[in-house]
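**Q** With the input below, show me the fold.
(chains A and B)
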Amino acid sequence: MTAKTRPIPAPRIDPELVAYWEAARQGRLLIKQCQACSEFHFYPRALCPFCFSDRTEWREASGSGTIYSFSVMRRVPIPYALAYVTLAEGPTVMTNIVGRDLDAIRIGQKVRVVFEASESGQPVPVFTPA
Amino acid sequence: MARAASACIAGAFEHPTRKADDKSLAQLHAEVAKGALDDAGLGKNDVDGYFCAGDVAGWETRGTGPFSIIDYMGLKLRYLDTTESWGSSYLVHVAHAAQAIVAGRCKVALITLAGRPRAEGLATGTAPAAHSSTAAEAPFELPYGPTVVGLYAMCAMRHMHEYGTTGEQLAWIKVAASHHAQYNEHAMLREVVTVEDVVNSPMISDPLHRLDCCVISDGGGALVVVAPEIAKSLKRPLVQVRGFGYAPKHQMGGRIDLTYSGAVWSGPAAFAEAGVGPADIKYASIYDSFTITVLITLEDLGFCAKGQGGRFVADGNLISGVGGLPINTDGGGLCNNHPSNRGGMTKVIEAVRQLRGEAHPAVQVKNCDLALAHGTGGALGTRHGSATLILARG
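**A** So this is what the prediction gives:
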């Protein structure tokens, strides 16, 4: 059984993140890479959290990842899977796992990004079995 | 803090209420303050330093909260510290008070905590985690429903995956708490439970069951930290502040590892300052918002190797008089009290009882001359502040 859809609270759109949410509307997941130290980071920042360079640039992520951890919230009106997914590029991101029997989710499973509309209509990235 | 080590905890008080429908938040703060001062044998007008965190009434108005509660209690101060580290704030306050005393900024420091989440009907664990919508990370987390229990559950899930930790092993932490709580007349949950009771209780957020979660309670507590010359003039046993360590841990730009906490940094710092090690500790108060919080913290503090926490906590090893490391002998947050959803205060209070020899006789640790108290404020699965205190009988 696929989980019923939980209403997704709309994200706040910060000025430094307009490009991220624009890309999400086009079905693309952006992450940031630092031009000074080459490291990817998440969530995206104007200043690199590793070297503090302000030369951080958007990169389109492959959208592939692996479930690092998860938990199914059982005692709520519509159960859902809270998760951390490790992207192919390195960073681990908070998300939901959708489109799968909640009882079949496992750490280590390969997943890919899909986008679901939040309550404002703004799509947010979630992950589904690859 | 070698010189600050001479500051002493002279007063400690835990409010007996667990549901405070008939009391205001400011009243609870004042009642625990009075309780701790009475315990020390001091009066309100002896207080010249005050320490509080975000649980004081009016904090949400950005700044008047601390002044409001000082006004309510009629304190005349020359030192104020409002360090906010959520549930671990009160351990930080003890260390800051000791530092302020050594620096001559104050002589009698009062620390209070109070809250009434039950009276206010808060769905603490399964509601979205207390989270500022203005926080930088909010757009990348709030859409996904990060509940408090869910954030801790993901830590448990990962720990199980990497180290083979089981639900039954986690359950032993609750079993130990319940063994202790049966002797605490004020504890919310006094019934002794078994491993089977825990793993058969309803699943809240995989792999954490209802009985893996702490209680939600009203009430509070207070501490009085004093200069050594004042401590020696009082009639209470001396409890010295010997060591302290503090460290926040966060998501590190996406390099997330849920199998450890900030205690890997705060613990060694506290042990180094006190000049002792885990093997020297006779009693430990370990923040127990959830069973997994205890297991990961025990590993991080060095009571056992990383990954061995499941084996360490099993078979009653945490039960006073039974196992090798008695913890949370008041019943902890899991069974006794978790006022304002901030467990750090009660952690220090029970450590003080143990060092004074004033714990319940059934759970009092023999020759308890060195104790540790540890707080985890915030959420293990995202961002938190870990605070470790080493206390000694003087």
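**Q** Send me stretch B:137-145 as CSV with only the CA atoms.
**A** Extracted as CSV, the C-alpha positions of stretch B:137-145 are listed here (Å, rounded to 0.1, in the frame of the first residue of the first chain):
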residue,chain,number,x,y,z
GLU,B,137,17.5,25.5,7.7
ALA,B,138,13.7,25.8,8.2
PRO,B,139,12.8,25.7,4.4
PHE,B,140,14.8,22.4,4.1
GLU,B,141,13.3,20.7,7.1
LEU,B,142,9.8,21.9,8.1
PRO,B,143,8.2,20.6,4.8
TYR,B,144,9.2,17.1,5.8
GLY,B,145,7.6,16.9,9.2
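**Q** what about stretch A:19-30, start to end distance?
**A** 8 Å (C-alpha to C-alpha, to the nearest Å).
**Q** just how off-centre is it within its chain?
**A** Averaged C-alpha coordinates place stretch A:19-30 at 11 Å from its chain's average position (C-alpha atoms, centre = their mean, to the nearest Å).
**Q** Name the residues of that stretch that are buried.
**A** The neighbour-count check on stretch A:19-30 (16 or more other C-beta atoms under 10 Å in any protein chain shown) flags A:20-21, A:23-24, A:28-30 as buried. Just so you know, the C-beta spots here come from the backbone N, C-alpha and C atoms, and that holds for glycine as well.
**Q** So which of the residues you listed belong to helices?
**A** Counted as lying in helices by DSSP state H, out of the buried residues of stretch A:19-30, are A:20-21, A:23-24.
**Q** ok, those vs B:A119, which is closest?
**A** When these are compared for distance to B:A119 (C-beta to C-beta), A:W21 wins out at 40.0 Å.
**Q** residue contacts, the closest one?
**A** Residues counted as contacts of A:W21 (C-beta atoms under 8 Å, 6 or more residues apart in numbering or on different chains) are A:11, A:13, A:122.
**Q** rerun that using 7 Å as the cut-off
**A** A:13, A:122 (C-beta atoms under 7 Å, 6 or more residues apart in numbering or on different chains).
**Q** Residue 37: neighbour count?
**A** Here I'm looking at chain A. By other C-beta atoms under 10 Å in any protein chain shown, the residues close to A:C37 number 14.
**Q** other chain: chain B
**A** So B:L37, with other C-beta under 10 Å, has 22 neighbours.
**Q** Confirm that it sits in a helix.
**A** Yes - if the criterion is DSSP: H, G, I helix; E, B strand; the rest coil, then B:L37 is within a helix.
**Q** Can you give me the separation between it and B:G324?
**A** 36 Å (C-beta to C-beta, to the nearest Å).
**Q** hang on, the earlier thing: for the ones in helices among the buried residues of stretch A:19-30, which one is nearest B:F140?
**A** A:Y20 (9.1 Å).
**Q** hang on, isn't that closest one packed against A:R45?
**A** No - counting by C-beta atoms under 7 Å, A:Y20 does not reach A:R45; the two are 10.9 Å apart.
**Q** for residue 54, what are its contacts?
**A** Using chain A here. A:46-47.
**Q** if you could check chain B rather than the one you did, that'd help
**A** B:E84.
**Q** cool, B:I256 as well?
**A** A:68, A:84, A:92.
**Q** quick one: which of the residues you listed is most hemmed in?
**A** A:Y84 (27 neighbours).
**Q** Specify the beta-bridge partners of that residue.
**A** A:S69, A:M94 (DSSP bridges).
**Q** Model confidence score at it, please.
**A** We have a pLDDT of 98 for A:Y84.
**Q** Give me the neighbour count for whichever residue of chain A sits closest to chain B.
**A** The nearest approach of chain A to chain B comes at A:P91, 2.8 Å away (C-beta to the nearest C-beta). The tally of other residues near A:P91 (other C-beta under 10 Å) stands at 24.
**Q** which residues does the residue nearest to B:G49 when sequence neighbours are not counted contact?
**A** Nearest in space to B:G49, with sequence neighbours left out and distances taken as C-beta to C-beta, 6 or more residues apart in numbering or on different chains, is B:C106 at 3.1 Å. Each residue near B:C106 by C-beta under 7 Å, 6+ apart is listed here: B:48-49, B:78-79, B:100.
**Q** Kindly report the same for B:G333.
**A** With C-beta under 7 Å, 6+ apart, B:G333 has these contacts: B:214-215, B:288-289, B:343.
**Q** sorry, back to before: next one: the residue of chain A closest to chain B from B:A227, what distance?
**A** From A:P91 to B:A227 the distance is 49 Å (C-beta to C-beta).
**Q** Tell me which stretches of chain A form strands.
**A** Assigned by DSSP state E, chain A shows strands spanning A:30-34, A:40-41, A:56-60, A:64-73, A:80-87, A:92-97, A:110-117, A:123-129.
**Q** thinking again about what came up before, burial of the nearest residue to the residue of chain A closest to chain B once chain neighbours are set aside, as a residue count?
**A** Counting by C-beta to C-beta, 6+ apart, A:P91 lies nearest to B:G254, which is 2.8 Å off, once chain neighbours are set aside. Residues near B:G254, counting by other C-beta under 10 Å, number 24.
**Q** Next up, the contacts around B:G254.
**A** A:41-42, A:90-93.
**Q** Show me what from the stretch 51-200 of chain B comes close to chain A.
**A** B:126, B:133, B:137-147, B:150, B:153-154, B:157-158, B:161 (C-beta under 7 Å from any C-beta of the partner chain).
**Q** Show the buried residues in these.
**A** Applying 16+ other C-beta under 10 Å to these flags B:126, B:137-147, B:150, B:153-154, B:157-158, B:161 as buried.
**Q** Among those, name the ones in helices.
**A** Per DSSP H, those map to helices at B:150, B:153-154, B:157-158, B:161.
**Q** Export these as TSV, with columns for pLDDT.
**A** Output for these, formatted as TSV (pLDDT from 0 to 100):
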residue	pLDDT
B:G150	97
B:A153	98
B:M154	98
B:M157	98
B:R158	98
B:H161	98
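**Q** residues from the stretch 201-350 of chain B in reach of chain A?
**A** So far as C-beta under 7 Å from any C-beta goes, the stretch 201-350 of chain B lies against chain A at B:203-206, B:253-254, B:256, B:258.
**Q** so who does the residue of chain A most remote from its centre touch?
**A** In chain A, the greatest distance from the average C-alpha position (C-alpha atoms, centre = their mean) is reached by A:A36, at 24.3 Å. For A:A36, the contacting residues are A:48, A:51, A:53, A:55, by C-beta under 7 Å, 6+ apart.
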